[in-house]
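need a structure here:
(one chain, ligands or ions: 1)
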Amino acid sequence: MIELYELAGQDPSARFSPYCWRIRMALAHKGLHAKLIPWHFGERRLPGGNMQVPVLVDHGHVVADSTAIARYLEDAYPTGPSLFGGENAEAHANFILAWTDQVLQPALFPLVAPDLPQHIKPDALPAWRATREERLGMSLAEAAARREQYLAAAHAAMGPLRHVLANQAFLGGSEPTYADYTVFGAFQWVRCGSGREILAEDDPIFGWRDQLLDLFDGLAGDCKVAEAA
Ligand SMILES: N[C@@H](CCC(=O)N[C@@H](CS)C(=O)NCC(=O)O)C(=O)O
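Residues are numbered from 1 along each chain as shown. Here you go, the predicted model:
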């Protein structure tokens, strides 16, 4: 049996971790079923002593970190459709991973963070808030007040993504790959964590996101959308 420990809100149906969404999509791409085990900030240690999700346990074998899990799935299940689309594509996906972690998600963070407290259990909230405010360099309320400025900066950061998706269906080409799931995880974070729409309907990113929401019988689309705080 495969188990996936993933982030959940105080409402366990709220699943808003960008990294966990990468792996939910990767498992579905490979045609694998996993038992989902919800984990909340500040809870017990995870398998292998890990402190962050996602953690995958495949018949007792523990793999932590979304990138390591994706590579594990590709190697351990070579008969399923390739997650990366080949060796060269995997090398290119490394850039998209780094761009998502270092550019896209940091640009989205000040937009998402002020809406996230709704998901955090009261006993975990003070520590959660302190670490997030330290990362922001200001209070959540101050970040919320600067929303328009952050939205403009996030849209500027999305420029290369928009340019590519105006010219091809997916980052993986004609079919989605792990590169798409990596970037898509960031938009699921916004959608399921914050609930605010940041994309216009005529934005190529909007259409691409819609296609990913529909994939695998609406796996991601059926997930609970946050109520904008
Ligand atoms: N590099 C890790 C990052 C994972 C990560 O940051 N997970 C967050 C949830 S989105 C977490 O578990 N945070 C626990 C905490 O902050 O206590 C990955 O790619 O899996």
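
Look at the residue lying farthest from the centre of the chain and report its pLDDT.
Distance to the chain centre peaks in the chain at residue 79, reaching 25.3 Å (criterion: CA atoms, centre = their mean). pLDDT for residue 79: 90.

Okay, it and residue 73: tell me how far apart.
To residue 73, residue 79 is 12 Å away according to CB to CB, to the nearest Å. Heads up, the C-betas are built off the backbone N, CA and C, glycines and all.

Check residue 165 too.
From residue 165 to residue 73 the distance is 25 Å (CB to CB).

First-to-last residue distance for stretch 54-65?
Separation of the first and last residues of stretch 54-65 by CA to CA, to the nearest Å is 6 Å.

ugh, wrong one, stretch 61-81
End residues of stretch 61-81 are separated by 22 Å (CA to CA).

quick one: that stretch near the ligand?
Yes - contact of stretch 61-81 with the ligand (CB under 6 Å from any ligand atom) involves 65-67.

now these as TSV including pLDDT and secondary structure?
Supplementary listing: the residues of stretch 61-81 next to the ligand in TSV, determined by pLDDT from 0 to 100; DSSP: H, G, I helix; E, B strand; the rest coil:
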residue	pLDDT	secondary structure
65	98	coil
66	98	helix
67	98	helix
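
Considering these, which is situated nearest to the ligand?
Proximity of those to the ligand (CB to the nearest ligand atom) peaks at residue 66, which lies at 3.5 Å.

element containing the nearest residue to the closest one once chain neighbours are set aside, please.
Take residue 66 and drop its neighbours on the chain: the residue closest to it by CB to CB, 6 or more residues apart in numbering is residue 19, 4.1 Å away. Under the criterion of DSSP states H and E, residue 19 resides in helix 18-29.

next SSE after that helix?
Next helix or strand after helix 18-29 toward the C-terminus (DSSP H and E): strand 35-39.

Which residues does the longest helix seen in the chain contact?
Looking across the chain with DSSP state H, the single longest helix is helix 204-218. Contacts with helix 204-218, where a contact means CB atoms under 8 Å, 6 or more residues apart in numbering, come from 25, 28-29, 158, 161-162, 165-166, 169-170, 176, 180-181, 184, 187, 199-200, 220-221.

Show me which parts of the helix or strand hosting residue 107 are buried, residue by residue.
Residue 107 belongs to helix 105-112 when assigned by DSSP H and E. If you call a residue buried by 16 or more other CB atoms under 10 Å, then helix 105-112 has these buried ones: 105, 107-112.

same deal with stretch 209-220?
Neighbour count says stretch 209-220 has 209, 212-213, 215-216, 219-220 buried, by 16+ other CB under 10 Å.

for stretch 80-91, same thing?
The neighbour-count check on stretch 80-91 (16+ other CB under 10 Å) flags 82-85, 89-90 as buried.

Any residues of the protein in contact with the ligand? List them.
Within the chain, the positions near the ligand by CB under 6 Å from any ligand atom are 7, 17, 19, 41, 52-54, 65-67.

Return the alpha-carbon coordinates of stretch 88-107 using PDB.
The C-alpha trace of stretch 88-107 is given here as PDB (Å, rounded to 0.1, in the frame of the first residue of the first chain):
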ATOM      1  CA  ASN A  88      16.200  15.800 -21.200                       C
ATOM      2  CA  ALA A  89      12.800  16.900 -20.100                       C
ATOM      3  CA  GLU A  90      13.600  16.000 -16.500                       C
ATOM      4  CA  ALA A  91      16.700  18.200 -16.800                       C
ATOM      5  CA  HIS A  92      14.500  21.100 -18.100                       C
ATOM      6  CA  ALA A  93      12.000  20.400 -15.400                       C
ATOM      7  CA  ASN A  94      14.700  21.200 -12.800                       C
ATOM      8  CA  PHE A  95      14.700  24.800 -14.000                       C
ATOM      9  CA  ILE A  96      10.900  25.000 -13.700                       C
ATOM     10  CA  LEU A  97      11.100  23.500 -10.200                       C
ATOM     11  CA  ALA A  98      13.700  26.100  -9.100                       C
ATOM     12  CA  TRP A  99      11.700  28.900 -10.700                       C
ATOM     13  CA  THR A 100       8.600  27.800  -8.900                       C
ATOM     14  CA  ASP A 101      10.300  27.500  -5.600                       C
ATOM     15  CA  GLN A 102      12.400  30.600  -5.900                       C
ATOM     16  CA  VAL A 103      10.300  33.000  -8.000                       C
ATOM     17  CA  LEU A 104       6.700  32.100  -8.400                       C
ATOM     18  CA  GLN A 105       5.800  30.800  -4.900                       C
ATOM     19  CA  PRO A 106       7.700  33.700  -3.100                       C
ATOM     20  CA  ALA A 107       5.700  36.100  -5.300                       C
END
